[in-house]
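Peer 1: Return atomic coordinates for the entry below.
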Amino acid sequence: MTTLFTAVGVGTAQAAPLAHDDFEDGNAAGWVTTGGTWIVTRENTRVLRQSSLSAGALARTGQPGWRDYNVTATVTPDSFNGMPGFTGVAARVSSSSSYYALVLRPDETLALVRTVNGTTNTLAATRLAVSEDTPYTLTLQVTGQRLTGRVNGTQLTASDGFLSTGLAGLVTRWTTASFDNVSVDTN
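Peer 2: Numbers count the residues shown, from 1 in each chain. Model prediction:
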């Protein structure tokens, strides 16, 4: 279930939650999908699964004016159809073909990418063992021009000012994957 709310309180400063969805309600209400085949299905728990090896698939949620935030999700690559395939989390999504993303690739790579008008450029990359049917917790933080990606203790950073606002998302390219425990928080 996508939940959008504002938190007000006193005490220790914490990130304000913008959205959360664990799909346990059995639907993807609040998500807009483009490309691929998206369905909420039950694996160990309910997940949002993209089951097509299509050229590009994107699920997005949130507000177009979101600027500085973190998007975190458990991402399980189910099947890669080779390079340049990938799956991951996206931020500052302005359309189905323009966004930043932290992605897992089948060539054992974790990458921060910028996709604009369908053309993807790698901003930073590092080696990371990537296996099908293995869950990874990915976090992409966007703050001003700084992009920070984290997974399993590995961190990547890049600076890029091309996209300044947009929604949070889940993305696949030539890959099927399952997504769970999505959260979007201010940073």
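
Peer 1: For the strand or helix carrying Ile39, name the packing helices and strands.
Peer 2: If you go by DSSP states H and E, Ile39 is part of strand 38-42. Packing partners of strand 38-42 (3 or more Cβ pairs under 8 Å, 6 or more residues apart in numbering; DSSP states H and E): strand 46-50. C-beta coordinates here come from the backbone N, C-alpha and C atoms, glycine included.

Peer 1: List of residues touching the strand it packs on?
Peer 2: 21-26, 28, 31, 36-41, 43, 57, 59, 76, 78, 87, 170, 172, 175-180, 182 (Cβ atoms under 8 Å, 6 or more residues apart in numbering).

Peer 1: cool, and stretch 179-187?
Peer 2: 15-23, 45-50, 59, 61-62, 66, 68-76, 89, 135, 137, 141, 143, 168, 170.

Peer 1: Work out the gap between that stretch and the centre of the chain.
Peer 2: Centroid separation between stretch 179-187 and its chain, computed with Cα atoms, centre = their mean, to the nearest Å, is 9 Å.

Peer 1: and that stretch, what's its mean pLDDT?
Peer 2: On average, the pLDDT along stretch 179-187 is 96.

Peer 1: got the buried residues for that stretch?
Peer 2: Under the neighbour-count criterion of 16 or more other Cβ atoms under 10 Å, stretch 179-187 has 179-185 buried.
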